[in-house]
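Undergrad: coords below, sequence missing:
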């Protein structure tokens, strides 16, 4: 396939990428591809840090933003830095909040690149005025209200002798007006619009951190919005929307009225498995802090597992109790140059729908899924079958309970239970998640296995654990995990009747909905 990206040259190449207004999901596919290809990334304050996770491991990351007018780099320095890195033959990504050409000073950066003879490309992004308005439930145009919209800077260059904003035409000639960077000048903006003919009762909305999980919206009118903003200490970054369409917000708001909006939740699953659960919670509006307290690694020796795989034809049942067991088993099978055919006529038991789903990519449909998604459920299901003389292969974790092999052997089966993977304590916990816990910013912490609780206690200490989680809702996936929580002195607030992530998510939603 032909490479869609330009090849490197002596002068390098620069991508000016619109990162969107905050939600990392709003960046374009091409924007992500450019980030992944870049050798140097200059990013600003409004670009979501999550996007940097798509950078190559060896990429040089340079913060080039500003906060509230305090510059880390002045614009001329950013221009020089882009030129300097490109002249080193580097592929450079300039990651800018919103869209580079909508109040993003992208034009100035391009002029510097043109002057230096450096090739570049613009990757447009969702500008804040559009993204934040949409997430606030405010359509900028609506046939029953207005068919025009104007985008205006609320913070003109301080070097100008006079304002270039035509306040009279803006006030009378435009339907919806969206001001960027105008919070500091809000009293001036509202006064100018009223003085030039816009009715004082015109609806106004301020949207801070639009499209993010900490989005804030303040509504009022031209007459009172400045006073409301001052009284509530409403801060930048925010956009200001002026027009009758603001009245549609209460009817059309969809983002910040979700059941978990404003709720901070810690997910303790392993880093490579937290994604699905995090997305479930975020879909209901939660701010998710991933804090992996377990790490899945291979066993010290594969001797027992390899020996069992060599005898697969002799087994009657293969029992998987988790996604990790499925993944580890088939990974080892493939490393031994075998595939699913090696299982032969062996029947398969999967504990829970997620484990069963993990088998599907290998072309296997579970023969048995116990109604009770824990070891006791496996025992109960096999207790209804004739297990006398049957051989059962149970690839397990190093910390797995012995109830399955002990009870199945009591039924007359021969159980081989090799360790397929180990659950170890990570070297460290994410600083951002720990900081949020220390500051009391977390509303709920989730535990999806006993190991997630035990490992966290081991890493921070039991006494500190109790202190950190004081006032935090404890969400446990099931009774075994809940028992471990209680043994450590934690009171479990949330436990679903069914031991799945979907059920745990629903239980969390119900818990916080009832509290509200």
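TA: Nice, I can see it. What you are looking at is a predicted structure, and each value in this text was computed from that prediction instead of being measured.
Undergrad: So what's the residue count around residue 239?
TA: Burial of residue 239 is recorded as 28 neighbouring residues (other Cβ atoms under 10 Å). Where C-beta positions appear, they are placed from N, C-alpha and C, glycine not excepted.
Undergrad: Secondary structure element holding it?
TA: Using DSSP states H and E, residue 239 sits in strand 238-242.
Undergrad: what's the answer for residue 107, then?
TA: Using DSSP H and E, residue 107 sits in helix 106-115.
Undergrad: in that helix, what's buried?
TA: 106, 109, 110, 112, 113 (16 or more other Cβ atoms under 10 Å).
Undergrad: And stretch 84-101, by the same measure?
TA: Buried residues in stretch 84-101, counted by 16+ other Cβ under 10 Å: 85-86, 90-101.
Undergrad: got it, and stretch 452-459?
TA: For stretch 452-459, the neighbour count (16+ other Cβ under 10 Å) marks 452, 453, 454, 455, 456, 457, 459 as buried.
Undergrad: Below-threshold pLDDT in this protein: ranges please.
TA: Within the chain, the ranges that satisfy pLDDT under 70 run 1-10, 66-72, 156-162.
Undergrad: and the longest helix for it?
TA: The longest helix of the chain (DSSP state H) is helix 501-515.
Undergrad: Looking at the buried residues of stretch 452-459, spot the one nearest residue 122.
TA: Nearest to residue 122 out of the buried residues of stretch 452-459 is residue 452 (Cβ to Cβ; 44.5 Å).
Undergrad: And the helices in the stretch 301-450 of the chain, which stretches?
TA: In the stretch 301-450 of the chain, the segments counted as helices under DSSP state H, counting those that start in this stretch are 303-310, 323-335, 353-359, 375-382, 403-410, 431-438, 450-460.
Undergrad: and among those helices, the most buried is which?
TA: Neighbour counts (mean count of other Cβ atoms under 10 Å) averaged over each of the helices of the stretch 301-450 of the chain peak at helix 450-460, with a mean of 21.
Undergrad: who touches that helix?
TA: Contacts of helix 450-460 from elsewhere in the structure, counted by Cβ atoms under 8 Å, 6 or more residues apart in numbering, are 268-269, 291, 293-294, 399, 423, 425-426, 429, 447, 465, 468, 480-481, 483-485, 488, 490.
Undergrad: got the buried residues for stretch 236-256?
TA: Within stretch 236-256, the residues scored as buried using 16+ other Cβ under 10 Å are 236-243, 245-246, 248-249, 255-256.
Undergrad: Return the subset of the contacts of helix 450-460 lying in helices.
TA: Residues of these located in helices (DSSP H): 465, 468, 480, 481, 483, 484, 485.
Undergrad: Turn the residues you listed into a markdown table, including distance to residue 219 and neighbour count.
TA: Formatted as a markdown table, those follow (distance: Cβ to Cβ, whole Å; neighbours: other Cβ atoms under 10 Å):
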| residue | distance to residue 219 | neighbour count |
| --- | --- | --- |
| 465 | 42 | 19 |
| 468 | 37 | 19 |
| 480 | 48 | 15 |
| 481 | 43 | 25 |
| 483 | 48 | 13 |
| 484 | 46 | 20 |
| 485 | 42 | 24 |
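Undergrad: with these in mind, which one is nearest to residue 27?
TA: When those are compared for distance to residue 27 (Cβ to Cβ), residue 468 wins out at 33.6 Å.
Undergrad: Tell me the spacing between that closest one and residue 423.
TA: 22 Å (Cβ to Cβ, to the nearest Å).
Undergrad: for residue 250, same thing?
TA: Residue 250 is 48 Å from residue 423, by Cβ to Cβ.
Undergrad: Could you do residue 37 as well?
TA: 36 Å.
Undergrad: Likewise for residue 281?
TA: From residue 281 across to residue 423, the span is 23 Å (Cβ to Cβ).
Undergrad: before we move on, the earlier item: tell me the two of the ones in helices among the contacts of helix 450-460 that are most distant?
TA: 468 and 480 (22.7 Å).
Undergrad: The residue nearest to residue 87 when sequence neighbours are not counted and residue 73, how far apart?
TA: Of all residues not flanking residue 87 in the chain, residue 11 sits nearest, at 6.1 Å (Cβ to Cβ, 6 or more residues apart in numbering). Distance of residue 11 to residue 73, computed by Cβ to Cβ: 22 Å.
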